[in-house]
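Student: Build me a model:
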Amino acid sequence: MLKNPASKYIAFPPVKLDDRQWPSRTLTQAPLWMSTDLRDGNQALFEPMNSERKMRMFKTLCDIGFKEIEVAFPSASQTDFDFVRTLIEAGHIPDDVAIEVLAPAREALILRTIESLKGARRAIVHIYNATSKPFREIVFGLSKAEVIAMAVAAVKLVKQLTEEHPETEWVLEYSPENFTSTELDFALEVCNAVVEAWGATVNNKVILNLPTTVEVATPNIYADQIEWMHRHLARRDCTLISLHPHNDRGTAVAAAELGLMAGADRVEGCLFGNGERTGNVDLVTLALNLYTQGISPRLDFSDINAVARHVEHCTQMPIHPRHPYVGDLVFTAFSGSHQDAIKKGFAVKTPEGVWNMPYLPIDPADLGRSYDSVIRINSQSGKGGVAYLLETEYDVVMPRRLQVEFSGEVQRHTDTHGGEMEAPAIWTLFAATYLDTGYPVRYVEHHLFEAGQAQGIHLSVAFKGQTHTLTGEGNGPIDAAVHALSHLDIHLQVRSYEERSMGKGGDAKACACMEVSQSDGERECYGVGMDANIVTASINALISAVNRLNANGIGAKEA
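Tutor: Sure thing, here's the model as predicted:
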């Protein structure tokens, strides 16, 4: 139990919206995207980005496809002011990209902000002031009327200053900070006043950013708030509703998705969710969630690893290995049941078919990731994962019962040594278990001959330090070899046999997998043989099984 009772907190009240429409809607297209990595994300860093890292982040965002990028808080520091000037004066801003800057609703800071933007082709001026009751009464000591007057005065000043620079296409964005904690009717009153003061039109829309400055309720309540505003704004056709969810409750992505269903047009956030406290909404997750539903996100994450490395360099923060879509382990299955399902999924996948893979909601290849690490082996793994790695890396296709048998060997190894086994280590263990047995019987050579209706074999093996040439007959080479080994008092029965090609072309080898038992039928195991000659591979599989029976203390009397 927590030390203090939960009653010290007050549950956020529901929104009165009995005929809400968003629960029955589905997303059909991507929103307008705005990255705030260089502003909101940067101010949340222990060590804010220097000029080199800022420029690298800006270029990364442009390469991904962002058309609106909040680049700075130019009135807050000379560093931010200079960065805006560098972007404009050095021509770093692509023609189809608009830069955005943030400023509080204060005259001196607005003047400085507009000064930083001189010469920009298209600029979004983002003005905000706090509107919620705790901020009105506790932080600023302002009445509702004074809060509205502050917002309107700021907007009129921006309008006056920007009209002096007609060479720039100006867009106004306004945020009622702490929107989710603000009484809805008051938030509506402030937003309507701002839209009116700007003189918004259908062709000159105001962006109304309705943020979860701090998450205070469940995502469905945020969706209700957005739908309520969407339905009650006086000039909805002259506005774009933008979402800026933070992640205090860990539900920013869900809040953004439901907010879009509720009528929003635009989303602000950061790559991989960087930001104050628990972060902003994760734009990568949000975009790729759309992609997995068949909706183009209009952002390019086809080389997700490169994006991740750029962001890690710029922020000096690592991305969690289990981060959705991008983490180093998100496409990695250690669980045996997961591995088995994925292996079966790959077996039936066709290049032209829809993606329908167990446990993989997105094709790693679409993000520039390979399939190499999809299945990795540790003590939690099972036969499916082991079989997948041997098949994809070494062309060894094991029968199901051999999968079960060898996965036991892998389990014993990982239980003893701990850690993870990669494909080369699994292959080494497989070879030591089935191919490099070498004792007590070792294959030397063989020659086949016809024996009437039967198949004959002269089989030379090394046994107990001597070479023996044994002769046997049977209904085929394998049966003849079993008969030949009986002269050494090695008595076996072949239970099953499979042969597969390893690779293609003239250099391909045959891999023979043979399940044998002692003549009493009580003990059995697999042997494996590989050779360019299919008969040689089969005999080696038989001898492999003999040696494995002996190694387990269940061999023939002489062995």
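Student: make it CA atoms for all contacts and neighbour counts henceforth
Tutor: OK.
Student: where does the most centrally placed residue in the chain land in three-state SS?
Tutor: By C-alpha atoms, centre = their mean, the chain has its centre lying nearest to residue 325, at 1.0 Å. Reduced to three states with DSSP: H, G, I helix; E, B strand; the rest coil, the structure at residue 325 is coil.
Student: got the residue ranges for the strands in this protein?
Tutor: For the chain, strands defined by DSSP state E occupy the ranges 32-35, 68-72, 98-104, 122-130, 169-177, 206-212, 239-245, 266-269, 441-451, 454-463, 466-474, 492-502, 509-518, 524-531.
Student: need the ones you listed in CSV with mean pLDDT and distance to residue 184, can you?
Tutor: Converted to CSV, the strands of the chain look like this (pLDDT from 0 to 100; distance: least, C-alpha to C-alpha, whole Å):
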stretch, mean pLDDT, distance to residue 184
strand 32-35, 98, 24
strand 68-72, 98, 27
strand 98-104, 98, 21
strand 122-130, 98, 14
strand 169-177, 98, 11
strand 206-212, 98, 11
strand 239-245, 98, 15
strand 266-269, 98, 20
strand 441-451, 92, 84
strand 454-463, 93, 89
strand 466-474, 93, 89
strand 492-502, 88, 68
strand 509-518, 90, 71
strand 524-531, 91, 72
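Student: where does residue 334 land on pLDDT?
Tutor: Residue 334 is assigned 60 on the pLDDT scale.
Student: How about the one 5 residues further on?
Tutor: Residue 339 carries a pLDDT value of 69.
Student: Same question for residue 378.
Tutor: Note on residue 378: pLDDT of 49.
Student: Ok, residue 276 next?
Tutor: For residue 276, the model assigns a pLDDT of 91.
Student: Excluding chain neighbours, what is closest to it?
Tutor: residue 44 (4.9 Å; C-alpha to C-alpha, 6 or more residues apart in numbering).
Student: ok, how many other residues are close to residue 421?
Tutor: 20 (other C-alpha atoms under 10 Å).
Student: So in terms of bridging, what pairs with it?
Tutor: Beta-bridge pairing for residue 421 (DSSP bridges): residue 377.
Student: That one is in contact with residue 414, isn't it?
Tutor: Yes. With contact defined as C-alpha atoms under 8 Å, residue 421 and residue 414 form a contacting pair (7.5 Å).
Student: Could you tell me how far the residue nearest to residue 136 when sequence neighbours are not counted is located from residue 157?
Tutor: Computed as C-alpha to C-alpha, 6+ apart, the closest residue to residue 136 that is not its neighbour in sequence is residue 142, at 5.0 Å. Relative to residue 157, residue 142 is positioned 20 Å away (C-alpha to C-alpha, to the nearest Å).
Student: Kindly report the same for residue 456.
Tutor: 102 Å.
Student: Neighbour count for those two, which is higher?
Tutor: Taking neighbours as other C-alpha under 10 Å, residue 456 and residue 157 compare with residue 456 leading, 25 against 17.
Student: For the more buried one, which non-adjacent residue is closest in space?
Tutor: residue 473 is the one closest to residue 456 (C-alpha to C-alpha, 6+ apart), at 4.3 Å.
Student: who wins for proximity to residue 162 among the strands of the chain?
Tutor: With distances scored as C-alpha to C-alpha, the stretch of the strands of the chain nearest to residue 162 is strand 169-177 (6.8 Å).
Student: strands paired with the closest one, and their directions?
Tutor: strand 122-130 (parallel), strand 206-212 (parallel).
Student: Could you single out the most deeply buried of these?
Tutor: Of all the strands paired with strand 169-177, strand 206-212 has the most neighbours on average by mean count of other C-alpha atoms under 10 Å, namely a mean of 25.
Student: How about residues contacting it?
Tutor: 171-180, 191, 195, 198, 200, 222, 226, 238-246 (C-alpha atoms under 8 Å, 6 or more residues apart in numbering).
Student: Please apply the same query to stretch 263-283.
Tutor: 22, 31-37, 40-45, 226-227, 230, 240-248, 250, 252-253, 256, 260, 284-285, 311, 319.
Student: would TSV of the strands paired with strand 169-177 with distance to residue 150 be doable?
Tutor: Below are the strands paired with strand 169-177 laid out as TSV (distance: least, C-alpha to C-alpha, whole Å):
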stretch	distance to residue 150
strand 122-130	8
strand 206-212	16
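Student: mind checking which of the ones you listed is nearest residue 405?
Tutor: Across the strands paired with strand 169-177, closest to residue 405 is strand 206-212 (C-alpha to C-alpha), at 54.7 Å.
Student: got the angle for the closest one vs strand 239-245?
Tutor: Counting by axes from the mean of the first three to the mean of the last three C-alpha atoms, to 10 degrees, strand 206-212 lies at 20 degrees to strand 239-245.
Student: quick one: strand 206-212 to chain centroid distance?
Tutor: Mean-position distance between strand 206-212 and its chain equals 29 Å (C-alpha atoms, centre = their mean, to the nearest Å).
Student: how deep is residue 11 tucked in, by neighbour count?
Tutor: 10.
Student: Relative to residue 181, how far out is it?
Tutor: From residue 11 to residue 181 the distance is 12 Å (C-alpha to C-alpha).
Student: repeat for residue 444
Tutor: Counting by C-alpha to C-alpha - residue 444 and residue 181 are separated by 83 Å.
Student: Am I right that residue 471 is in contact with residue 461?
Tutor: No. Between residue 471 and residue 461 there is no contact under C-alpha under 8 Å: 11.1 Å.
Student: who touches both of these two?
Tutor: By C-alpha under 8 Å, 6+ apart, no residue touches both residue 471 and residue 461.
Student: sorry, back to before: filter the contacts of strand 206-212 down to just the buried residues.
Tutor: 171-180, 191, 195, 198, 200, 222, 226, 238-246 (16 or more other C-alpha atoms under 10 Å).
Student: Have a look at the protein and report its longest helix.
Tutor: Looking across the chain with DSSP state H, the single longest helix is helix 144-163.
Student: Let me know the average pLDDT across it.
Tutor: On average, the pLDDT along helix 144-163 is 98.
Student: how near is residue 204 to residue 191?
Tutor: Distance from residue 204 to residue 191, counting by C-alpha to C-alpha: 16 Å.
Student: Tally up the residues packed near the closest residue in space to residue 253 that isn't next to it in sequence, please.
Tutor: Leaving aside its chain neighbours, residue 253 sits nearest to residue 281 (5.7 Å; criterion: C-alpha to C-alpha, 6+ apart). Neighbour count of residue 281, defined by other C-alpha under 10 Å: 30.
Student: Look up phi and psi at residue 281.
Tutor: phi -60, psi 140 (degrees, to the nearest 10).
Student: who touches stretch 173-182?
Tutor: Here stretch 173-182 has contacts from 124-133, 187, 190-191, 194, 206-216, 222, 225, using C-alpha under 8 Å, 6+ apart.
Student: Low-confidence stretches in the stretch 301-450 of the chain?
Tutor: Residue ranges of the stretch 301-450 of the chain with pLDDT under 70: 333-336, 339, 370-385, 420, 437-438.
Student: any chance you could map the helices in it?
Tutor: Along the stretch 301-450 of the chain, the segments classed as helices by DSSP state H, counting those that start in this stretch run 304-315, 336-348, 383-394, 400-417, 423-430.
Student: Residue 487: which of those helices is closest?
Tutor: When the helices of the stretch 301-450 of the chain are compared by C-alpha to C-alpha, helix 400-417 sits nearest residue 487, at 28.0 Å.
Student: Let's see that closest one as PDB, backbone CA atoms only.
Tutor: Output in PDB follows, covering the C-alpha atoms of helix 400-417 (Å, rounded to 0.1, in the frame of the first residue of the first chain):
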ATOM      1  CA  ARG A 400      10.100 -31.700 -36.000                       C
ATOM      2  CA  ARG A 401      11.300 -34.500 -33.600                       C
ATOM      3  CA  LEU A 402      14.900 -33.500 -34.300                       C
ATOM      4  CA  GLN A 403      13.900 -29.900 -33.400                       C
ATOM      5  CA  VAL A 404      12.600 -31.200 -30.100                       C
ATOM      6  CA  GLU A 405      15.700 -33.300 -29.400                       C
ATOM      7  CA  PHE A 406      18.200 -30.600 -30.300                       C
ATOM      8  CA  SER A 407      16.400 -27.800 -28.500                       C
ATOM      9  CA  GLY A 408      17.000 -29.900 -25.300                       C
ATOM     10  CA  GLU A 409      20.700 -29.700 -26.000                       C
ATOM     11  CA  VAL A 410      20.400 -25.900 -26.400                       C
ATOM     12  CA  GLN A 411      18.400 -25.600 -23.200                       C
ATOM     13  CA  ARG A 412      21.000 -27.500 -21.300                       C
ATOM     14  CA  HIS A 413      23.800 -25.300 -22.700                       C
ATOM     15  CA  THR A 414      22.000 -22.000 -21.900                       C
ATOM     16  CA  ASP A 415      21.000 -23.200 -18.400                       C
ATOM     17  CA  THR A 416      24.600 -24.100 -17.700                       C
ATOM     18  CA  HIS A 417      26.400 -21.100 -19.300                       C
END
